[in-house]
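1. Turn this into a structure:
(2 chains)
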Amino acid sequence: MQIPGLSPDLNWFVWTVVKVVALMTAVLLPVPFVVWAERKVAGHSQFRPGPIRVGPYGLIQPFADVVKLLFKEETLPAKANKVVYFLAPMIALLPAITVMSVVPVGPSFYATDVNVGLLVFLAMSSLGVYAITLAGWAGNNKYGLIGGLRSSAQMISYELSMGLSVIGVVLLAGSLSLVDIVEAQGGTLFGFLPRWYVFYQPVGFVAFVLTMLAETNRVPFDLPEAEAELVAGYHVEYSSMKFAAFFMGEYMNMLAISAICTTLFLGGWHGPWLPPLWGGPLWFFAKVAVLMVCFLWIRWTFPRLRYDQLMNLGWKVLLPLTLANAMVTALGVALREGWFR
Amino acid sequence: MTPIFFLLFAAVALGAALMVVLQRNPVASALYLVLAFCSLAGLYVLLHAPFLAAVQVIVYAGAIMVLFLFVIMLLNLQKDVEAGLHRAARRVFGWLLGLVLAAQLYLLLRGPWGLGPQGQEPAAAVHAAGNTQTIGVRLYTDFLLPFEVTSILLLVAIVGAVVLSLRKGEREGVEEAP
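-> This is a model prediction of the structure:
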């Protein structure tokens, strides 16, 4: 859209700033409500009401938590590596915000359309490991270090499967750009089924959801912060707002990765009945919300995997499965394109 | 805007590369190397090579350096651990390698500075055909043999790692098998 009285360059700049701010808000604003939802789901899963005292339905509870965290004492372990100790919580917040810059929320509502958008996501999720590894190491605490190393091993193992599980989608769409991938999912299949890639790539979708749980360190893959074995895991030496940064980072990563999953497998902003201009973002966030509820639901219903089970699942089940899926999809695409005729 | 970003990324890359060598703490060195890789990725983006930039971050900053850090943390190298060589021997080797690098740089920079667009694929054509597509087509047609040789090399490394990680009893069992 052109704002009257502005040069094209300035117009582009203004709109980019608006979009960037909107997308950053989209990952930051829901965090307190997701925290609230987590506590509510936890409560009701265990036959108790969850937060009810602060505000209606306890909705103000997360804000009270933030105030509490702000007033807590900042601690700094005597033998900590100070620079790295301060750097780690900052890195924890970085990947989620950066990933959102390539996600198309609506028909023309994205900060930038890089033709390697999917790789930007993979790159950012691989940089996310640093926050946890460094946090575990910087505090100079045994439990923290074990938690940090565990998480590096876990994330490296599951990143491979994650990369392979999305290859099917890339093959079908013929592009690494997230905007093109969403465009390719428009229309319907047999007249009633939406042409989302979850119906073309069921195996890829299941593998992606599993790796997405592992990448965000959620149950059943939350070994890095196994309370019973490792006290609190990588953030054991952190207090006050630096702890809150890790806490927020986890929920922001969940939101960002749900947005990616929606984009890749659930048709992004495509949806029936509503006009795409404002209905698109609405559908997009509705799908993200459904995925987020699944995250919370899984957390409060499944037990945690043991370490060897985690490694077995990653290397002996998910990796061959996603590899086979990529090969079968490649064969299918080659047949569709008529390369064997 | 591009020259400003180029200067920024170039300065950060050079500064970080220097700090990798000058830092005595191995973890700090590794982190500066990550920073250098990330600024290199920024330079690739400025050269209209987004695929290379993304792969640079995924492979070097995201995978290789994480493993480096992993090893450094597991070994808990807090101080500058002396290498096996004697101090004087290391100094001689350092000077020798430095001289080789300086000679290479001299040979490279002796020619005209602005090389300009070279090769069969100018940036504009690559940009139109798509970065990823161009690299993919090249890799699987013109450079198929080197590509496959590299993959065999990696396979050898994987097999080697598996053999090395086997415990003593297990390894004997493997050798007995036909």
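2. Near chain A, which residues of chain B are found?
-> Counting by C-beta under 8 Å from any C-beta of the partner chain, the positions of chain B adjacent to chain A are B:25, B:27-28, B:31, B:34, B:50-51, B:53-55, B:57-58, B:61-63, B:66-67, B:69-70, B:73-74, B:130-132. In short, each C-beta sits where N, CA and C put it, glycine included.
3. Can you list which of these are found in helices?
-> B:27-28, B:31, B:34, B:50-51, B:53-55, B:66-67, B:69-70, B:73-74, B:131-132 (DSSP state H).
4. From those, list the buried ones, please.
-> Neighbour-count burial (16 or more other C-beta atoms under 10 Å in any protein chain shown) is assigned, among these, to B:27-28, B:31, B:34, B:50-51, B:53-55, B:66, B:69-70, B:73, B:131-132.
5. Low-confidence regions, the stretch 51-200 of chain A specifically.
-> By pLDDT under 70, the stretch 51-200 of chain A has no low-scoring segment.
6. Can you tell me which residue of it sits closest to chain B?
-> residue A:126 (2.7 Å; C-beta to the nearest C-beta).
7. where exactly do the strands run in the chain?
-> Answering for chain A, as no chain was given. A:188-189, A:193-194 (DSSP state E).
8. meant chain B actually
-> Using DSSP E, strands in chain B do not occur.
9. Which residue is it, in it, that comes closest to chain A?
-> residue B:62 (2.7 Å).
10. Leaving out sequence neighbours, find the closest residue to that residue.
-> In this structure, residue B:62 finds its nearest non-sequential neighbour in residue A:126, 2.7 Å apart by C-beta to C-beta, 6 or more residues apart in numbering or on different chains.
11. Then residue B:135?
-> Here the residue nearest residue B:135, using C-beta to C-beta, 6+ apart, is residue B:51, at 6.0 Å.
12. so who does the one you found touch?
-> A:116, A:119, B:131, B:132, B:135 (C-beta atoms under 8 Å, 6 or more residues apart in numbering or on different chains).
13. Pipe these into TSV and attach distance to residue A:216 per row.
-> Formatted as TSV, the contacts of residue B:51 follow (distance: C-beta to C-beta, whole Å):
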residue	distance to residue A:216
A:116	23
A:119	19
B:131	30
B:132	27
B:135	31
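14. so which of those residues comes closest to residue A:56?
-> Distance to residue A:56 across those (C-beta to C-beta) is lowest for residue A:119, with 43.8 Å.
15. Tally up the residues packed near the closest one, please.
-> 23 (other C-beta atoms under 10 Å in any protein chain shown).
16. any idea how far it is from residue A:314?
-> 21 Å (C-beta to C-beta, to the nearest Å).
17. Just give me the residue closest to the centre of chain B.
-> residue B:60 (6.2 Å; C-alpha atoms, centre = their mean).
18. can you list the residues of the stretch 101-250 of chain A near chain B?
-> A:114-116, A:119-120, A:122-123, A:126-127, A:129-130, A:133-134, A:137, A:145, A:148-149, A:152-153, A:156, A:159, A:176.
19. can you tell me which of the residues you listed are in helices?
-> A:119-120, A:122-123, A:126-127, A:129-130, A:133-134, A:137, A:145, A:148-149, A:152-153, A:156, A:159.
20. Generate a ChimeraX selection restricted to the buried subset of those residues.
-> Buried residues among these (16+ other C-beta under 10 Å), as a ChimeraX selection:
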select /A:119,120,122,123,126,127,129,130,133,134,137,145,148,149,152,153,156,159
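21. Which residues are in contact with the residue positioned nearest the centre of chain A?
-> The centre of chain A sits closest to residue A:257, judged by C-alpha atoms, centre = their mean, with a distance of 2.1 Å. Applying C-beta under 8 Å, 6+ apart, we find residue A:257 in contact with A:99, A:125, A:212, A:215, A:216.
22. swap in residue B:105?
-> Counting by C-beta under 8 Å, 6+ apart, residue B:105 has no contacts.
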